[in-house]
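**Student:** Sharing a model that was predicted from the sequence below.
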Amino acid sequence: MRILAIDPGFERLGIAVIEKKGAVEEVLHSECFRTSAKEKFERRLFIIGEKVRTIIEKWGPRALSIERLYIETNQKTAMRVAEARGVCVYEAGRAGLPIYEFTPLQVKVAVSGYGKADKRQMMAMVRKLVKIPATSDSDDELDAIAIGLTCFATVKFPS
């Protein structure tokens, strides 16, 4: 089973393609995709959609695993992240992928076993659970991998 995992954002989008064969998960692709603040917001959404579509076409995932948003103190930022997230969900739906959403708490529990794990603990656990390149050090990229691992840990996929 191969899934696309996304940590949504409009400035930085964590993206991972993870495959599970038997009991082993493998990261096939991961990155922190950035859009330029010099671009209009509408253009940034379009660029995000094109990137997600390209990843789906290239890697052929069978599902999308994405973080469910939680309310931040900055509502303008939260709204923009929600719009970027909507573009990702749209592209997955367009490709016919089932969509699995996880809260930050669910991701922390699934990956670290502790709902109050901090960023450092989460990143250490992700690196213990799957092999990732040493150059993969973006929080957003590693968050996407954690979201994908959560999907595999909690969803029963058909064999």
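**Tutor:** Structure received.

**Student:** since we're on Thr35, how many residues are nearby?
**Tutor:** 20 (other C-beta atoms under 10 Å). Heads up, the C-betas are built off the backbone N, CA and C, glycines and all.

**Student:** Quick check: closest non-adjacent residue to it.
**Tutor:** Sequence neighbours aside, Arg44 is the residue nearest to Thr35 in space, at 4.1 Å (criterion: C-beta to C-beta, 6 or more residues apart in numbering).

**Student:** Whatever helix or strand the one you found lives in: what's the following helix or strand?
**Tutor:** Using DSSP states H and E, Arg44 sits in helix 41-59. The helix or strand immediately downstream of helix 41-59 is strand 63-67, counting by DSSP H and E.

**Student:** immediately after that next one, which helix or strand?
**Tutor:** Tracing the chain past strand 63-67, the next element assigned as helix or strand by DSSP H and E is helix 75-94.

**Student:** That following helix vs helix 41-59, what angle?
**Tutor:** Calculated by axes from the mean of the first three to the mean of the last three C-alpha atoms, to 10 degrees, helix 75-94 forms an angle of 30 degrees with helix 41-59.

**Student:** helices and strands around the helix or strand following helix 75-94, which ones?
**Tutor:** Downstream of helix 75-94, the first helix or strand assigned by DSSP H and E is strand 99-102. Packed against strand 99-102 by the contact rule (3 or more C-beta pairs under 8 Å, 6 or more residues apart in numbering; DSSP states H and E) you find strand 63-67, helix 75-94, helix 139-154.
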